[in-house]
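Undergrad: Just the structure for this:
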Amino acid sequence: MRLSERMPRESGRDYALRNIKANIVNLELVPGSQISENELAVEMGLSRTPVREALIELSKVEIIESHPQRKSTVSLIDYDLVEESRFMRNLLECAVVELVCEMAGPMDVERLNANIRLQSFYLDGTYTNELMALDNQFHGMLFEIAKKSRIFELIQNIAIHFDRVRGMALSSVKDLKVVQDHQELVEFIRQRDAKAARELMEVHLNRYKIDAAEIRETYPQYFK
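TA: Got it, this is the predicted structure:
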């Protein structure tokens, strides 16, 4: 696994949850693979209790399958759950981007553009994890500008189903439009064109449907 540093005042459970989720999304923990509570605890320098709590939390949203007396398993991709996750994000983010068009100031637009410049730098297929992190940061910034950061935090667990497919798209789809979408979205925000921004956000969050064939071709073993 790839582990990030523990943040100040971060609990063991939250540290374990954050790192396990990140490794599921970036395919360090691939769909169908077995994971050991003991091994995760040793690797992260934690006791078993916070790791167990993190796995229980992830099992509630069906990204982890727990088996009594056996190792847990990273769930194979279920497109019904991906669609449910996308549906939730679509409803929330289309509404949020309309608010952003009303509330964003020049400094907010510049912060978004600075993030996009970094996305463009990593858009060569080599730095998938970095691009994914910047993509998540971009969407989180929209919630922040709209003063809805707590909602963004609350949806992260169920969003992992959608995020896992997004991560696969970043490394498997040849004609990737994610950065172009973000660039156009920020221009609509700058122009305060809420209708165009909402329509583009809906297209943006639906791209995984367009890309599904390419993703499945690259990762057939990861799907139910």
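
Undergrad: Residue ranges in this protein under the pLDDT threshold?
TA: For the chain, the stretches with pLDDT under 70 are 124-126, 172-176, 210-211.

Undergrad: all strands for it, in order.
TA: Ranges of strands within the chain are 34-35, 64-65, 72-74, based on DSSP state E.

Undergrad: neighbours around residue 102, how many?
TA: For residue 102, the count of nearby residues is 11 (other CB atoms under 10 Å). The C-beta positions use only the backbone N, C-alpha and C, and glycine is treated the same way.

Undergrad: so it touches residue 194, yeah?
TA: Yes: counting by CB atoms under 8 Å, residue 194 is a contact partner of residue 102 at 7.0 Å.

Undergrad: nearest to residue 21, of the strands of the chain?
TA: Closest to residue 21 of the strands of the chain, according to CB to CB: strand 64-65, at 10.0 Å.

Undergrad: Neighbouring strands - and their directions - for that closest one?
TA: Here strand 64-65 is paired, per DSSP bridges, with strand 72-74 (antiparallel).

Undergrad: distance between the strand it pairs with and the chain's centre?
TA: 19 Å (CA atoms, centre = their mean, to the nearest Å).

Undergrad: all helices for this protein, in order.
TA: 12-25, 37-44, 48-60, 79-103, 106-121, 128-145, 149-154, 156-172, 178-191, 194-205, 207-218 (DSSP state H).

Undergrad: Please tell me I have it right and residue 101 contacts residue 189.
TA: Yes: counting by CB under 8 Å, residue 101 touches residue 189, with 5.4 Å between them.

Undergrad: Please enumerate the shared neighbours of the two.
TA: Residues touching both residue 101 and residue 189 by CB atoms under 8 Å, 6 or more residues apart in numbering: residue 197.

Undergrad: wait, what's in contact with the residue nearest the centre of the chain?
TA: Nearest to the mean C-alpha position of the chain, counting by CA atoms, centre = their mean, stands residue 163 at 3.6 Å. By CB under 8 Å, 6+ apart, residue 163 lies in contact with 25, 85, 132, 136.

Undergrad: hmm, 10 Å instead?
TA: Neighbouring residues of residue 163 by CB atoms under 10 Å, 6 or more residues apart in numbering: 21-22, 24-26, 63, 82, 85, 89, 132, 135-136, 156.

Undergrad: Same check on residue 155?
TA: 85, 88-89, 92-93, 143, 162.

Undergrad: Please apply the same query to residue 65.
TA: 32, 34, 55, 58-59, 72-76.
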